[in-house]
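Colleague: sequence and computational prediction follow.
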Amino acid sequence: MRFIVRFFALIGFLVFAGFAAGVGLALWGHFRGGGTVSDGTVLSLDIGGGFPDGPPSNALSKLLQPGRPPLKDVLDAIEKAGDDPRVKGLIAHTGGDPIGLAQAQELRDAIIAFRAKGKRAVIDADSFGDFSSGTSSYYLASAFDEIWLQPLGLVGLVGLRAEGTYFRGTLDLLGVVARFDHREQYKSATDPLTEKTMTAADREQQTALLTSDMNQIVHDIATARKLDDATVRALVDRGPLLAQEALAAHLIDHIGYSDEVMTEMGVGPGGSKKPLSLASYLAAVGRPHKSGPTIALIYASGLITEGANNPNPLVGEGTVGSQTLIDAFRSAERDKDVKAILFRIDSPGGSAVASESIWRETMRAKEAGKKIVVSMGDVAASGGYYIAASADKIVAEPATITGSIGVLAGKFLFAGLLNKIGGGWSAVQVGDNAGIDSSFEDFTPAQTSRFEAMLDNVYDGFKDRVAKGRRLDAASVEAVAKGRVWSGADAKDKGLVDALGGMSTALALAKAEAGIPADSDVTVKIYPAPQGPLRALLSRAMGRDVVDAPAAEEAAPALVETLEAALQRLAMPPGALLMAPVDVH
């Protein structure tokens, strides 16, 4: 009976969705543009502030908030277009919003490879930072053949900065105590709550991280713009630069507007045809890597938590649920066609026990004979590094934030605040340590001993996983641990990473690990398989996380098939914590 009620409630929702479909499909047709790929096709890409590292958390997220295409879609489309003789070039646009440095590097590599195949790539910007830092967006733009900037735009190539706000004094005034501890001195995620200013250890690691990243940026821009490193550094110190100043300094090629760029490329208002979006192009031609031996692709994008992924379908945000990843790895383990697993991680960490559960499953996959290669996105630190540690190979971009081998935990004490506002508290308990997690009572000496022992246990376990996975001795691991974050480039020098690059580099290594010839194609298959929107809606309606064979599909397959197709069309428009504490811009 509950199923019947829920199913017909679902039908009511879909009727409403059908009413909106007319407007939705009209807008879809307008924004999607034509899907024809003909000779001389020019593709278009709106870069904005970057792209989600993984696919939508579920089909409802994709349906209700289509948002921006995942990074892999963009990379796949550029790769496919590079080999397509019908594609003449690519026009990209950016408003100058900051983009993650590692993602910028992965996109730069894709653009450079596209150009190497004889294609033209042009980018235009309203401004690279509107009186703010545009360093990362300009860094990406430097990979293109030509850079256009509108007359009032700026080139905010001003360098990198890491800053934080600290609330220890505020909490003191409120009577709130942040009772946290960490292993070790560089583990600074809770410093804003326990300190009044940046610690010497945190200043040291942040300075090293920024220096490494800036060295990469300066060198790559100098190479792309045919300048020397010293000249680029001097321009950074002069920035932000006005459009005419940037033109004179050879940082841009033209001052003009987006419509002029399109006209110059033979498309748009002044041209014979419209540019084709990368999303529409990929939908028309299909993805690369659809034949040959199978490589499983598993994503870990977001905060690591226990249980299943818990996406918010309205905003498309989710978590890395340990059980969801365990199920994905086990499916790949059981699939005899899978020759290796490409494990993409973009996570600042999270739950220690959830990270341990995922780590264990990676070990089981290896024991089952599956090779694992990790590809790191913008961040794969703390718990994000923990779950990578056992891989056969680890690949990171030079600017990936990784490491942070450490742990932190604690609690807030609100008794002082409660007293200030005339409140009070009382409790009864059985067991000397029953109040160890109380928000109104501090740790007793015995509880402090237990708390510190827990931190030591997690920290030692983390280091042990790294030592075994990276084949390092305890002293070597301790030297790179202590909660310290590293750039991907520095992590490679320290033995935490095997190679520098993006998903294409990791895929090549996965093929090599699996004994697949370098010139052979492979089938890249995502685990778990993407869930269709109707299946996801039925899962919600019946109170299930996954619907493998819902009664509704068995009872009314034609209806389900029809509704599924319509929903797919609507979706097509364009405890202890292991946490990394970095915010670099």
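Modeller: Thanks, I have it. The structure displayed is predicted, hence computed values, not measured ones.

Colleague: point out where the stretch 201-350 of the chain drops to low pLDDT.
Modeller: The model of the stretch 201-350 of the chain has pLDDT under 70 over residues 269-272, 311-317.

Colleague: and the helices in it, which stretches?
Modeller: Secondary structure of the stretch 201-350 of the chain, counting by DSSP state H, counting those that start in this stretch: helices at 229-238, 243-248, 258-264, 278-285, 322-334.

Colleague: show me what counts as buried in the second one.
Modeller: In terms of neighbour count (16 or more other CB atoms under 10 Å), helix 243-248 has its buried residues at 243, 245, 246, 247. Where C-beta positions appear, they are placed from N, C-alpha and C, glycine not excepted.

Colleague: now the last one: how far from residue 256?
Modeller: This means residue 247. 11 Å (CB to CB, to the nearest Å).

Colleague: and for residue 339, the neighbour number?
Modeller: 22 (other CB atoms under 10 Å).

Colleague: thought it was touching residue 292?
Modeller: No. With contact defined as CB atoms under 8 Å, residue 339 does not reach residue 292; the gap is 9.5 Å.

Colleague: find residues that contact each of the two.
Modeller: 516, 522 (CB atoms under 8 Å, 6 or more residues apart in numbering).

Colleague: pretty sure residue 416 contacts residue 175?
Modeller: Yes. In this structure, residue 416 is within contact of residue 175 by CB under 8 Å, at 2.7 Å.

Colleague: how is the chain divided into domains?
Modeller: Using automatic domain parsing, the domains assigned to the chain come out as 30-158+239-285, 294-527.

Colleague: out of these, which gets nearest to residue 203?
Modeller: Nearest of the domains of the chain to residue 203, taken as CB to CB: domain 294-527 at 12.3 Å.

Colleague: off-centre distance for that closest one?
Modeller: Taking CA atoms, centre = their mean, to the nearest Å, the mean C-alpha location of domain 294-527 is offset from the chain mean by 14 Å.

Colleague: end-to-end on it?
Modeller: 12 Å (CA to CA, to the nearest Å).

Colleague: for stretch 175-194, same thing?
Modeller: End-to-end for stretch 175-194, by CA to CA: 13 Å.

Colleague: then stretch 289-300?
Modeller: 21 Å.

Colleague: go on, stretch 258-273?
Modeller: 15 Å.

Colleague: got the contact list for it?
Modeller: 38, 40, 42, 88-89, 91, 93, 120, 122, 124, 148, 150, 254, 274-275.

Colleague: list the contacts of residue 198.
Modeller: 164, 166, 191, 206.

Colleague: one more time with 7 Å
Modeller: Neighbouring residues of residue 198 by CB atoms under 7 Å, 6 or more residues apart in numbering: residue 164.

Colleague: now do the same for it: its pLDDT.
Modeller: pLDDT for residue 198: 97.

Colleague: any idea how far it lies from residue 167?
Modeller: 13 Å.

Colleague: swap in residue 461?
Modeller: 31 Å.

Colleague: burial count for residue 461?
Modeller: Counted with other CB under 10 Å, residue 461 comes out at 16.

Colleague: quick check: which element contains the closest residue to it other than its chain neighbours?
Modeller: Spatial nearest neighbour of residue 461, chain neighbours left out: residue 356 (7.1 Å); criterion: CB to CB, 6 or more residues apart in numbering. Under the criterion of DSSP states H and E, residue 356 resides in helix 352-367.

Colleague: for that helix, which helices and strands make contact with it?
Modeller: Packing partners of helix 352-367 (3 or more CB pairs under 7 Å, 6 or more residues apart in numbering; DSSP states H and E): strand 303-305, helix 322-334, strand 371-381, helix 383-386, strand 577-579.

Colleague: would you mind confirming that residue 514 makes contact with residue 371?
Modeller: Yes. If you go by CB atoms under 7 Å, residue 514 and residue 371 touch, sitting 5.4 Å apart.

Colleague: which strand residues bridge residue 120?
Modeller: Beta-bridge pairing of residue 120 under DSSP bridges involves residue 89.

Colleague: measure it to residue 87 for me?
Modeller: Residue 120 is 10 Å from residue 87, by CB to CB.

Colleague: which one of these two has more residues nearby?
Modeller: Shown here are residue 120 and residue 87; by other CB under 10 Å, residue 87 has more neighbours (26 against 16).

Colleague: my guess is that one meets residue 40, correct?
Modeller: No. Taking contacts as CB under 7 Å, residue 87 lies outside contact range of residue 40: 8.5 Å.

Colleague: related to what we said a few turns ago, can you say which of the helices and strands packed on helix 352-367 is nearest to residue 345?
Modeller: Short answer: strand 371-381, nearest of the helices and strands packed on helix 352-367 by CB to CB, at 4.3 Å.

Colleague: alpha carbons of the closest one, as CSV, please.
Modeller: Written as CSV, here are the backbone C-alpha positions of strand 371-381 (Å, rounded to 0.1, in the frame of the first residue of the first chain):
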residue,chain,number,x,y,z
LYS,A,371,45.6,-2.8,-10.4
ILE,A,372,44.7,0.6,-8.9
VAL,A,373,46.0,4.0,-10.2
VAL,A,374,44.9,7.2,-8.4
SER,A,375,44.4,10.4,-10.2
MET,A,376,44.3,13.4,-7.8
GLY,A,377,42.3,16.6,-8.5
ASP,A,378,42.6,20.0,-6.9
VAL,A,379,42.8,18.4,-3.4
ALA,A,380,43.5,14.9,-2.2
ALA,A,381,44.8,15.5,1.3
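
Colleague: output the below-cut-off pLDDT ranges for this protein.
Modeller: 1-35, 56-67, 269-272, 311-317, 531-574, 580-585.

Colleague: quickly find the element holding residue 124.
Modeller: strand 120-125.

Colleague: could you tell me how far that strand lies from the centre of the chain?
Modeller: For strand 120-125 - counting by CA atoms, centre = their mean - the centre lies 24 Å from the chain centre.

Colleague: ok, and what's touching the helix or strand that it is followed by?
Modeller: As assigned by DSSP H and E, the chain's next helix or strand after strand 120-125 is helix 135-141. For helix 135-141, contacts defined as CB under 7 Å, 6+ apart pick out 47, 94, 96-99, 101, 104, 107-108, 123, 125, 128, 147, 155-160, 217, 220-221.
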